[in-house]
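J.: no sequence for this one, just the structure:
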């Protein structure tokens, strides 16, 4: 255990050196300021001791009720921030960190609520914050900036977007800049605004990218600060100052929901999975001309949903019909068909130095098996942990991509919450609230299992010896008392 604690302190130093070396304002190691924590790393670098056994009756410090929402908790100073929806009101909520008591809430107005997935939420995007402000995003309404007392500083209205799954990607802060990526069926973009005023610094068109939910990460690519987004068929690095594309790696899945992570080794790690992208289970879409010949009953040259009765396009008609006019044109259909032809499900690592098309030059390794869908990969102590729906947990060597024997968990549901780590432990929780703790080692030693007895879609936060876990019913705080 002393070795693990020493390693934790070492990682804290290395991690904060890397973050502060990015040329941005330094962060506090006792904060969890965005989706998946400091720089989206998903681990607590402090090495503070954490309980292995947590649950409704185990090492619970407090629990506070919350309105429904899928956004993950963030922790800044003495505050916790989340979003939620109550009686069709979109809310940003501030809580006291020590007690969980709600301090304030602020409503975001809208003209109409966006479309969402059947298990989705109107409050899916996780806020981000710094010592001054908290920034929240609602696809039905837009971006909002509050101070820590709940006073509205500025707002930037946008949405709803053409995407019947809803908006899920979360904003991130890079010094004085707030970054937001929104990939939808039409008009996708990457946005950079001034955090104090909300004024647009740059906005980059991403119209080639269809619906994705990847939250961007900041990457120091050999001294060049870049925003990295994994999405439709390729990973892209954008220059932080201008928003211009700096490099790309091609050959990933047709849709990306999980988010990349940057290792303390400086390398990028990411996963992309979509149905039909596994080599052994490829989905083939028939050519437009063949389908029109057989299915176009009204002979209007387009394909309507009622003219289809089965198949991958019928099952995803709303995605293929990008402009939502109820008619699939040749262009729309063939674009959607090409995504299935080209998409590949895999885990991969990219090394620094990427410029231009870096597909053949900067991919360190790829691994095509047991690729997670929603849950993002976790890099911790030189090991990459992934959890696939069905409870398949695996551990890869971060340097080689070589995988140890997977572990099938009793918690075999879908995983929307990403794994997090601290104190030599990895914490995982499936959709139904079954929680698992394993050792952060290649052996994946099982340390604890329990049932939260409430659904879980939010990723936990680990800060200062405390674990903050949001369920469908509220927010739990766990720790060694």
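T.: Sure, I can see it. No experiment lies behind these values; they were computed from the predicted model shown.
J.: Now do the contacts for the spatially closest residue to residue 55 that is not a sequence neighbour.
T.: With Cβ to Cβ, 6 or more residues apart in numbering as the measure, residue 450 is the residue that lies nearest to residue 55, at 3.6 Å, once sequence neighbours are left out. C-betas here are computed from N, CA, C, even on glycine. Applying Cβ atoms under 8 Å, 6 or more residues apart in numbering to residue 450 gives the contacts 53-56, 58, 434-435.
J.: Now do residue 450, the pLDDT please.
T.: The predicted local confidence for residue 450 comes out at a pLDDT of 97.
J.: again with the one 10 residues further on
T.: Note for residue 460: predicted pLDDT of 98.
J.: All the helices of the stretch 151-300 of the chain, residue numbers only.
T.: For the stretch 151-300 of the chain, the helices defined by DSSP state H, counting those that start in this stretch occupy 288-295.
J.: where in the stretch 201-350 of the chain is pLDDT low?
T.: Per-residue confidence of the stretch 201-350 of the chain (counting by pLDDT under 70) places no residue in a weak region.
J.: any idea where the strands of the stretch 101-250 of the chain begin and end?
T.: Taking DSSP state E, counting those that start in this stretch to define them, one finds strands in the stretch 101-250 of the chain at 102-108, 128-129, 133-138, 142-147, 152-157, 172-174, 177-182, 189-194, 200-205, 217-221, 224-231, 234-239, 245-250.
J.: before we move on, what about the stretch 251-400 of the chain?
T.: Residue ranges of the strands in the stretch 251-400 of the chain, as given by DSSP E, counting those that start in this stretch, are 261-262, 268-272, 346-350, 356-357, 363-367, 378-380, 383-388, 392-397.
J.: Among the ones you listed, which comes closest to residue 119?
T.: Closest of the strands of the stretch 251-400 of the chain to residue 119 is strand 383-388, at 17.8 Å (criterion: Cβ to Cβ).
J.: Who are the packing partners of the closest one?
T.: Using 3 or more Cβ pairs under 8 Å, 6 or more residues apart in numbering; DSSP states H and E as the contact criterion, the secondary-structure elements in contact with strand 383-388 are strand 378-380, strand 392-397.
J.: try 6 Å this time
T.: strand 392-397 (3 or more Cβ pairs under 6 Å, 6 or more residues apart in numbering; DSSP states H and E).
J.: The strand it packs on: what's the following helix or strand?
T.: For strand 392-397, the succeeding helix or strand toward the C-terminus, using DSSP states H and E, is strand 407-408.
J.: For the helix or strand that comes right after that next one, buried residues please.
T.: Using DSSP H and E, the helix or strand that directly follows strand 407-408 along the chain is strand 420-422. Of the residues in strand 420-422, 420-422 count as buried by neighbour count, 16 or more other Cβ atoms under 10 Å.
J.: With stretch 311-318 instead?
T.: Buried residues in stretch 311-318, counted by 16+ other Cβ under 10 Å: 312-313, 316-318.
J.: Could you dump those into JSON lines and include distance to residue 242?
T.: As requested, the buried residues of stretch 311-318 are arranged in JSON lines below (distance: Cβ to Cβ, whole Å):
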{"residue": "312", "distance to residue 242": "38"}
{"residue": "313", "distance to residue 242": "38"}
{"residue": "316", "distance to residue 242": "35"}
{"residue": "317", "distance to residue 242": "38"}
{"residue": "318", "distance to residue 242": "34"}
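J.: Just give me the closest of these to residue 41.
T.: Of all the buried residues of stretch 311-318, residue 41 sits closest to residue 316, with 33.2 Å by Cβ to Cβ.
J.: circling back to that earlier point, so which of the strands of the stretch 101-250 of the chain is the most surrounded?
T.: Comparing these by mean neighbour count (mean count of other Cβ atoms under 10 Å), strand 133-138 ranks first with a mean of 27.
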